[in-house]
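Trainee: My questions concern the predicted model and sequence given below.
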Amino acid sequence: MEESFKMSVFLSVFLCFAAAIISSTWADFDVIGEQPLSKIAIHKTVLALHDSASIRAYPFVLGLKAEDTQWVTVNLVSPDPSVDDWVGVFSPAKFDSSTCPPVDDPKEQKPYICSSPIKYKYANYSNSNYSKTGKATLKFQLINQRGDFSFALFSGGLSSPKLVAVSNSISFANPKAPLYPRLAQGKSWDEMTVTWTSGYDISEAIPFVEWGLKGEHKMQSPAGTLTFYRNDMCGSPARTVGWRDPGFIHTSFLKNLWPNFEYTYRMGHLLLNGSYIWSKFYSFKSSPYPGQDSLQHVIIFGDMGKAERDGSNEYSDYQPGSLNTTDQLIRDLSNIDIVFHIGDLTYSNGYLSQWDQFTAQVEPITSTVPYMIGSGNHERDWPNSGSFYDTTDSGGECGVPAETMFYVPAENRAKFWYSTDYGMFHFCIADSEHDWREGSEQYRFIEQCLASVDRQKQPWLIFAAHRVLGYSSDYWYGQEGSFEEPMGRESLQKLWQKYKVDIAFYGHVHNYERTCPIYQNQCVNTEKHHYSGTVNGTIHVVVGGAGSHLSKFSEVIPNWSLYRDYDFGFVKMTAFNHSSLLFEYKKSRDGEVYDSFTITRDYKDVLACVHDGCEATTLAS
């Protein structure tokens, strides 16, 4: 009887936790890179509280000077220390079984802890003598996440955690403050959207943005408010150990902007008692008029993820290049006009606390320039959820956090395809997690997007998607034999050719690769670093090495592959005018250029007839 009970408990724990411990699937090609929080078997925690063990955190109140990030010191003492002791950061501070959702089966016992910590560190991280002395001091960097915090000391490692001691709770002075603004282009060129996160529901406060030309009178624009709930998630861990209340997501639309002007703004909440809660001030430069001839800088990459500056869980083993990429962009921010992050944003994989961590990490960028995102497998894919791929890569999120936390100018944000303009650039952003094949709804959008651009005014036509719908000599694609996502380019290559797409970008594969101008597997230009004249093929670029674990290349180097790099990096495009474009691939570690090419041409070169890209003609006069 006892053995039967033990087996039933084991099966229950296993089934609850199975989805939480699934590592990145074949879709990311390298098996390393498992979400660090999924390694913690938190449901299996047993109480082992000890009178001689203690853990204390200070300061007790954070953000007294309106900071949204602060370092915290944690002192711990254990009478029976071990090298696998670890400290978890929990938010909200109360994390016992009283916070667990109801158990449907009366035979099942509630676990003592049913929510993952938001981060963790081993007790000996900066204290090599901990296992001898039982004493350690750890430093954690916390961000304001709309809740209080506590720290818990565990023995037994991550797989068999035993709760030894729990700290005092600490909190930010205003945990509900408006934070982490994310700018994005609106549906028209003269509209900027501001999205941010707060703890204020509309029943408590009215959200808005106060904004205007720098040094001029400010106006106020209302904001809409969205959120999502546990039952909006499609599976575990997003519905179980990974769930955390996301707060409220507000979006305001700043309209009728003058082109190329600097605007200042701040987010506000009008409380019911008539008082105001304000964010700090930020600024942005409005978009140029479509077709405007001026210097324009575009950044594009995929698969960056997030990391922890305090050295806790993620930094060492999950997205090792993430902070380097983020910091290089921040350093060059005065020379960046718009950013495209084409999928696999946070790799939260169902651990919802990580969305706050990511928006805090990129806030210096997203608060200053439009941060346009694409949908990746780690945002969207889940079985029987309508995604094109029946994998568990989103950890049960099935697209909900991504499409709520960030704004994109799509007709339907659950279908993450859209077009946007920036000066001389026209962008068609596809959603590789939905069907793109000929005859599909998305295929019709892609053709309409490519066909709608006036190349005399916007000569630089860019296509982007998360998965490689074009060309890649990644190891897995090489073994598969097609050097592309299965069914990737078969339907789309005739559109790229017909509408003379300059460059197509992809992520998903965690490296960098550039092809020659290509059509139907054939290079149509022998040049490598400078292109001019007729647009007779599209250059395909994999730029998925912004942060996550790197992907190996195939040993076979196809003749269309001009440059490959197994390192972290991103792409910068600079349009000097209607006839001249500079492309640069930069490594994240130093910001230096390691691959580049230029395009120079006239409008007649875009109009010129090319193979499979010619309009019908007649000799009639």
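Mentor: Received it, and whenever you're ready, just let me know what you need. Numbering: from 1, shown residues only.
Trainee: Where do the strands of the stretch 1-150 of the chain begin and end?
Mentor: Ranges of strands in the stretch 1-150 of the chain, per DSSP state E, counting those that start in this stretch, are 46-47, 54-58, 61-62, 69-77, 86-90, 119-122, 135-143, 150-155.
Trainee: make that the stretch 301-450 of the chain, sorry
Mentor: Along the stretch 301-450 of the chain, counting by DSSP E, counting those that start in this stretch, strands occupy 338-342, 371-374, 418-422, 425-429.
Trainee: strand partners of the last one, parallel vs antiparallel please.
Mentor: Spelled out, it's strand 425-429. Strand 425-429 pairs in its sheet with strand 418-422 (antiparallel), strand 460-465 (parallel), by DSSP bridges.
Trainee: mind checking which of those is nearest residue 589?
Mentor: strand 460-465 (24.2 Å; C-beta to C-beta). The C-beta positions use only the backbone N, C-alpha and C, and glycine is treated the same way.
Trainee: Just the CA trace of that closest one, in CSV.
Mentor: Output of strand 460-465 as CSV, limited to C-alpha atoms (Å, rounded to 0.1, in the frame of the first residue of the first chain):
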residue,chain,number,x,y,z
TRP,A,460,15.1,49.3,-49.8
LEU,A,461,12.7,46.4,-49.5
ILE,A,462,13.3,44.1,-46.5
PHE,A,463,11.6,40.7,-45.7
ALA,A,464,12.1,39.1,-42.3
ALA,A,465,10.8,36.0,-40.4
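Trainee: that older thread, deepest-packed of the strands paired with strand 425-429, please.
Mentor: Highest mean neighbour count among the strands paired with strand 425-429 (mean count of other C-beta atoms under 10 Å): strand 460-465, with a mean of 25.
Trainee: any residues touching that strand, and which ones?
Mentor: Here strand 460-465 makes contact (C-beta atoms under 8 Å, 6 or more residues apart in numbering) with 298, 300, 340, 342-343, 374, 424-432, 436, 446, 450, 453, 455, 496, 499-506, 538, 573, 575, 581.
Trainee: how many other residues sit next to residue 599?
Mentor: 23 (other C-beta atoms under 10 Å).
Trainee: Kindly report the same for the one 3 residues further on.
Mentor: When counting by other C-beta under 10 Å, one arrives at 13 neighbours for residue 602.
Trainee: Kindly report the same for residue 224.
Mentor: Using other C-beta under 10 Å, residue 224 is surrounded by 12 other residues.
Trainee: Look up the closest residue to it, ignoring the ones flanking it.
Mentor: Closest residue in space to residue 224, ignoring its immediate chain neighbours: residue 251 at 5.4 Å, by C-beta to C-beta, 6 or more residues apart in numbering.
Trainee: so the one you found touches residue 195, yeah?
Mentor: Yes - using C-beta atoms under 8 Å, residue 251 is in contact with residue 195, at 4.5 Å.
Trainee: what do these two both touch?
Mentor: residue 407.
Trainee: Just the buried positions in stretch 354-365, please.
Mentor: Using 16 or more other C-beta atoms under 10 Å as the test for burial, stretch 354-365 gives 354, 355, 356, 357, 358, 359, 360, 361, 362, 363, 365.
Trainee: now, which of these sits nearest residue 406?
Mentor: So of these, ranked by how close each gets to residue 406 (C-beta to C-beta), first place is residue 359, at 8.7 Å.
Trainee: Check the gap between that closest one and residue 348 for me.
Mentor: Counting by C-beta to C-beta, to the nearest Å, the separation of residue 359 from residue 348 is 11 Å.
Trainee: Residue 449 too?
Mentor: 29 Å.
Trainee: State the pLDDT value of residue 285.
Mentor: Residue 285 carries a pLDDT score of 97 in this model.
Trainee: Straight-line length of stretch 307-327, end to end?
Mentor: 12 Å (C-alpha to C-alpha, to the nearest Å).
Trainee: contacts for it?
Mentor: Against stretch 307-327 from outside (C-beta under 8 Å, 6+ apart): 32-37, 71, 89, 119-121, 125-126, 139-141, 301, 304-306, 347, 357, 361-362, 365, 545-549, 568-570, 588-589.
Trainee: ok, the residue most central in space within the chain - contacts?
Mentor: Among the residues of the chain, the one closest to the centroid is residue 345, at 1.4 Å (C-alpha atoms, centre = their mean). Neighbouring residues of residue 345 by C-beta under 8 Å, 6+ apart: 304, 305, 358, 373, 376, 378, 379, 402, 406.
Trainee: out of those residues, who's nearest residue 244?
Mentor: Nearest to residue 244 among the contacts of residue 345, with distances taken as C-beta to C-beta, is residue 358, at 13.3 Å.
Trainee: circling back to that earlier point, settle it for me: which of residue 251 and residue 195 has more neighbours?
Mentor: Per other C-beta under 10 Å, whichever of residue 251 and residue 195 has more neighbours is residue 195, with 24 against 20.
Trainee: so that one sits right up against residue 178, yeah?
Mentor: No - assessed by C-beta under 8 Å, residue 195 is found out of contact with residue 178, at 10.9 Å.
Trainee: tell me, what's touching those two both at once?
Mentor: residue 250.
Trainee: before we move on, the earlier item: nearest approach to residue 221 belongs to which of the strands of the stretch 301-450 of the chain?
Mentor: Using C-beta to C-beta, the nearest of the strands of the stretch 301-450 of the chain to residue 221 is strand 371-374, at 19.2 Å.
Trainee: quick one: that closest one to chain centroid distance?
Mentor: 8 Å (C-alpha atoms, centre = their mean, to the nearest Å).
Trainee: And the contacts of it?
Mentor: The contact list for strand 371-374 (C-beta under 8 Å, 6+ apart) reads 182-185, 302, 338-343, 345, 362, 365, 402, 406, 408, 416, 420, 427, 429-431, 464-466, 507.
Trainee: Helices along this structure, start to end?
Mentor: Secondary structure of the chain by DSSP state H: the helices cover 2-18, 130-133, 314-317, 322-331, 353-361, 363-366, 377-380, 400-405, 441-451, 475-480, 493-498, 603-607.
Trainee: Could you dump those into CSV and include mean pLDDT?
Mentor: Below are these laid out as CSV (pLDDT from 0 to 100):
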stretch, mean pLDDT
helix 2-18, 39
helix 130-133, 94
helix 314-317, 52
helix 322-331, 96
helix 353-361, 97
helix 363-366, 98
helix 377-380, 96
helix 400-405, 98
helix 441-451, 98
helix 475-480, 91
helix 493-498, 97
helix 603-607, 94
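Trainee: Out of those helices, which is the most enclosed?
Mentor: Note that of these, helix 377-380 is the most buried (mean count of other C-beta under 10 Å), with a mean of 29.
Trainee: Please save the CA atoms from that one in PDB.
Mentor: Only the C-alpha atoms of helix 377-380 are listed here, as PDB (Å, rounded to 0.1, in the frame of the first residue of the first chain):
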ATOM      1  CA  ASN A 377       8.800  29.300 -31.700                       C
ATOM      2  CA  HIS A 378       9.600  30.200 -28.100                       C
ATOM      3  CA  GLU A 379       6.800  32.700 -28.100                       C
ATOM      4  CA  ARG A 380       4.100  30.800 -30.000                       C
END
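Trainee: Domain boundaries for this structure, per the record?
Mentor: Under the TED database, the residue ranges defining each domain of the chain are 42-172, 294-607.
Trainee: Highest mean neighbour count out of those domains?
Mentor: Comparing the domains of the chain by mean neighbour count (mean count of other C-beta under 10 Å), domain 294-607 ranks first with a mean of 21.
Trainee: Might you calculate how far that one sits from the centre of the chain?
Mentor: So, by C-alpha atoms, centre = their mean, the centroid of domain 294-607 is 12 Å from its chain's centroid.
Trainee: picking up where we left off before, and the strands paired with strand 425-429: which comes nearest residue 158?
Mentor: Comparing the strands paired with strand 425-429 by C-beta to C-beta, strand 460-465 comes nearest, at 35.9 Å.
Trainee: Dump the strands paired with strand 425-429 into a markdown table; add distance to residue 601 as well.
Mentor: A markdown table is the format used below for the strands paired with strand 425-429 (distance: least, C-beta to C-beta, whole Å):
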| stretch | distance to residue 601 |
| --- | --- |
| strand 418-422 | 19 |
| strand 460-465 | 10 |
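Trainee: Same list (these) but as TSV, adding mean pLDDT and distance to residue 164.
Mentor: Shown next, in TSV, are these (pLDDT from 0 to 100; distance: least, C-beta to C-beta, whole Å):
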stretch	mean pLDDT	distance to residue 164
strand 418-422	98	50
strand 460-465	98	48
